[in-house]
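In: Structure for this input, please:
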Amino acid sequence: MIIQNDMKVNVFALGFMALSIYGFAQNQDNNYQSSGPHEQGEQRQRPQSEERPTIAEMLSEMDSNKDGKLAESEVKGPLKKDFSKIDVNHDGYIVEEELNKAPKPEGRPSEGRPPRADEQLPTIEEVLASMKTSETKTTAISSKNYTLPATGQINTYDAVGNKVDNLKSGDAFYGQDGHYQKGQKMSFTDNGNGTVTDNVTGLMWAQDQSTESKGWVEAATYCENLNLGGYTDWRMPTIKELWSIRDQSTGWPYLDTTYFNLVSKDGGEQRDQHTWSSNFYLVNTPESKKRLAFIVNDWTGHIKALDGRRYVRAVRGDIYGINDFVDNGDTTITDKATGLMWSKNDSKRGMNWEDALAYAENSDYAGYTDWRLPNVKELQSIVEYSGRFPAIDTKFFNISKILNEARNADYPYFWTSTSAGSEKISGMYFADYVAFGYAVDHDGADIHGAGAVRFDTKVKNGPATENEERIINYVRLVRDVK
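Out: This next block holds a predicted model:
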């Protein structure tokens with residue numbers, strides 16, 4: 001199946017490689033965003049004045065025995081790999097003079113220091129200009145286009161993260177992701193050559209992330225030049241493709257590490273888990289940030305628009321994740337691509353997670369009684385990443401308007417039936433939601449983009465209330481097309 005790029009498909013999601021012609025500078029600046037333990041409080045930016053350490057400061061920091069020189073055992077980060085090159089007199093030590101003359105190491109900054117933002121990200125105007133010049137190009141859609149995998153979540157939880165079993169229809173907290181387990185069971189094949197095939201979507205993935213963090217344009221070039229498993233047609237994944245391999249079974253990490261390798265195995269450095277998508281944040285409004293692209297956090301399972309240097313996991317295969325909406329004329333919308341029917345209208349009011357589950361279970365909207373609260377992969381499937389605001393196709397869907405924390409006109413977050421957190425670390429006392437309007441901080445500033453997937457506590461005065469952002473969210477109903 002072939003489509004024209006000027007349709008509702010996010011043209012840039014597949015064709016953005018052409019941006020390399022701009023020759024964006026790969027210089028780094030000093031603006032970057034921080035990451036908290038659960039990534040709920042990471043919105044606050046670090047001071048712009050923070051500078052990289054000097055050579056003397058680096059030497060002093062690593063010089064554990066304070067003898068004024070560095071043995072190989074004392075060196076950390078990229079310097080360790082280049083130790084023999086920097087130690088020009090081959091005496092087994094590096095001194096400040098040798099450090100000053102050393103070429104600037106490529107790749108990650110020294111351990112423990114977050115990467116800086118990368119100026120090679122284009123502006124929205126440059127991205128849109130590139131898209132306009134690519135309108136005549138065609139893109140092949142996968143034969144398995146938008147076959148939705150399940151999330152992998154089979155357990156059910158109460159408002160404070162405890163597992164609850166044997167719930168029946170009508171019980172509090174019935175209707176969760178773990179009850180319905182919708183979508184095809186995830187299935188992967190390790191090809192034994194550094195690649196993994198997703199048997200549900202048909203996509204082939206690189207088993208490893210890039211070994212070094214990269215700017216967004218640099219990540220595209222990396223994928224384009226990758227020769228892995230005997231294949232050379234690798235590309236950067238779209239956000240919907242990257243989301244298809246999310247594993248919500250137990251949390252932290254949100255990826256099946258039987259098949260996929262992570263840069264950091266313990267999640268200790270959040271940025272080590274950030275994986276670039278090909279989707280640039282194209283919402284061009286005064287409130288939105290510029291020069292951001294969407295990432296997936298493989299550890300906490302978020303989708304957010306960020307800048308800086310991240311990692312990339314290459315994919316190959318025809319494009320996956322193209323909607324095919326039909327307005328049924330009865331206030332319902334069918335997506336022929338996923339086989340799901342949606343309510344054209346939302347709940348028109350917010351509610352906590354328990355009430356959202358009950359609202360969906362008890363609904364007889366448009367004469368149907370088998371509605372449910374969508375899981376996180378289902379709800380994310382109708383997000384529009386092509387620059388629309390709100391991030392949904394309003395030719396088909398109606399969406400309520402709200403005033404956000406800054407008292408600015410905005411659109412709601414929408415609950416999913418999927419719990420979030422970690423069974424081993426935190427408990428599953430969060431629930432995922434999708435931001436179809438701005439994903440804001442406590443002051444109402446758009447910091448993660450329309451189309452972000454985040455989580456919050458399920459009920460007021462629940463666990464982690466110090467990080468509470470917005471627990472009264474809206475509902476959009478879903479059901480299977482029979």
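In: Show me the beta-bridge partners of residue 457.
Out: On the basis of DSSP bridges, residue 457 is bridged to residue 430.
In: In this structure it contacts residue 430, no?
Out: Yes - with contact defined as CB atoms under 8 Å, residue 457 counts as touching residue 430 (6.0 Å). No exception for glycine: its C-beta is placed from N, CA and C like everyone else's.
In: Name the residues contacting each of those two.
Out: When contacts are counted by CB atoms under 8 Å, 6 or more residues apart in numbering, residue 457 and residue 430 have residue 464 as shared neighbours.
In: who's more crowded, those two?
Out: Neighbours around residue 457 and residue 430, counted as other CB atoms under 10 Å, are more numerous at residue 430. The numbers are 30 against 26.
In: Residue 462 versus that one, what's the distance?
Out: 9 Å (CB to CB, to the nearest Å).
In: wait, what's in contact with residue 316?
Out: Here residue 316 is in contact with 203, 204, 231, 233, 234, 235 (criterion: CB under 8 Å, 6+ apart).
In: Go through the residues you listed and name the one nearest residue 446.
Out: When these are compared for distance to residue 446, the smallest value, 28.3 Å, is given by residue 235; criterion: CB to CB.
In: ok, that closest one - how many residues close by?
Out: The local packing count at residue 235 equals 20, with neighbours defined by other CB under 10 Å.
In: so it sits right up against residue 313, yeah?
Out: No - checked against CB under 8 Å, the pair residue 235 and residue 313 is beyond contact range at 11.1 Å.
In: does the most centrally placed residue in the chain count as helix, strand or coil?
Out: With distances taken as CA atoms, centre = their mean, the chain has residue 296 as the residue nearest its mean C-alpha position (2.1 Å). In three-state terms, and counting by DSSP: H, G, I helix; E, B strand; the rest coil, residue 296 is strand.
In: which ones are touching it?
Out: Taking CB under 8 Å, 6+ apart as the definition of contact, the neighbours of residue 296 are 239, 242, 243, 246, 274, 275, 277, 302, 303.
In: where do the contact lists of residue 235 and residue 313 overlap?
Out: Among the neighbours of residue 235, none is also in contact with residue 313 (CB under 8 Å, 6+ apart).
In: the domain parsing of this protein - what is it?
Out: If you go by automatic domain parsing, the domain ranges for the chain are 1-30+118-482, 56-101.
In: Centre of the chain to stretch 367-376, how far?
Out: Put simply, stretch 367-376 sits 25 Å off its chain's centre (CA atoms, centre = their mean, to the nearest Å).
In: ends of that stretch, how far apart?
Out: End-to-end distance of stretch 367-376 (CA to CA, to the nearest Å): 25 Å.
In: just to revisit the earlier point, can you list the domains of the chain in CSV and add mean pLDDT?
Out: Written out in CSV, the entries for the domains of the chain read as follows (pLDDT from 0 to 100):
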stretch, mean pLDDT
domain 1-30+118-482, 88
domain 56-101, 74
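In: which of those is buried the deepest?
Out: With neighbours taken as mean count of other CB atoms under 10 Å, the domains of the chain reach their highest mean count in domain 1-30+118-482, at a mean of 19.
In: can you give me the helices in this protein?
Out: Using DSSP state H, the helices of the chain run over residues 11-15, 55-62, 78-81, 83-86, 96-101, 124-133, 177-180, 216-225, 239-244, 353-361, 376-380.
In: Figure out which of those helices is closest to residue 147.
Out: Between the helices of the chain, helix 239-244 lies closest to residue 147; by CB to CB that is 9.0 Å.
In: Give me the distance between the two termini of stretch 248-263.
Out: Start and end residues of stretch 248-263 are separated by 19 Å (CA to CA).
In: ditto for stretch 218-232
Out: End-to-end span of stretch 218-232 (CA to CA): 17 Å.
In: now swap in stretch 369-388 and tell me
Out: End-to-end distance of stretch 369-388: 31 Å, with CA to CA as the criterion.
In: go on, stretch 230-245?
Out: The first-to-last residue distance of stretch 230-245 comes to 23 Å (CA to CA).
In: How far away from the center of its chain is that stretch?
Out: Taking the mean C-alpha point of stretch 230-245 and that of its whole chain, the gap between them comes to 13 Å (CA atoms, centre = their mean).
In: Now residue 292, what are its backbone angles?
Out: For residue 292, the backbone dihedrals (degrees, to the nearest 10) come out as phi -130, psi 150.
In: Help me confirm that it comes into contact with residue 305.
Out: Yes - under the criterion of CB under 8 Å, residue 292 lies in contact with residue 305, with a separation of 4.1 Å.
In: and for these two, which residues touch both?
Out: Residues touching both residue 292 and residue 305 (CB under 8 Å, 6+ apart): 281, 449.
In: re earlier: and which of the contacts of residue 296 is nearest to residue 481?
Out: The nearest member of the contacts of residue 296 to residue 481, counting by CB to CB, is residue 243 at 21.5 Å.
In: Assess the claim that the closest one and residue 303 are in contact.
Out: Yes - shown here, residue 243 and residue 303 form a contact pair, counting by CB under 8 Å, at 6.7 Å.
In: Need the residues touching each of the two.
Out: In the contact map built from CB under 8 Å, 6+ apart, the residues linked to both residue 243 and residue 303 are 296, 380, 453.
In: quick one, which of the helices of the chain is nearest to residue 370?
Out: For the helices of the chain, distance to residue 370 was read as CB to CB. The smallest value, 9.6 Å, belongs to helix 353-361.
In: contacts for the closest one?
Out: 159, 169-170, 172-176, 347, 351, 371-373, 415, 417, 431, 458-459, 471, 473, 475, 477.
In: could you redo the last one with a cut-off of 7 Å?
Out: The list of residues contacting helix 353-361 from outside it, by CB atoms under 7 Å, 6 or more residues apart in numbering, reads 159, 169, 172-176, 347, 351, 371-373, 415, 417, 431, 458-459, 475, 477.
In: Stretch 391-408 now?
Out: With CB under 7 Å, 6+ apart as the contact definition, stretch 391-408 has outside contacts at 8, 287, 325, 327, 333, 344-346, 348, 382-385, 390, 409-412, 436, 438, 440, 442-445, 450-451, 474.
In: For residue 165, give me the backbone phi and psi.
Out: Dihedral pair for residue 165: phi -120, psi 160, per degrees, to the nearest 10.
In: Go ahead and confirm residue 350 touches residue 470.
Out: No - with contact defined as CB atoms under 7 Å, residue 350 does not count as touching residue 470 (8.4 Å).
In: And residue 291, how far from residue 436?
Out: When residue 291 is compared with residue 436 (using CB to CB), they lie 22 Å apart.
In: Next: residue 205.
Out: Applying CB to CB, one obtains 28 Å for the distance of residue 205 from residue 436.
In: try residue 421
Out: 23 Å.
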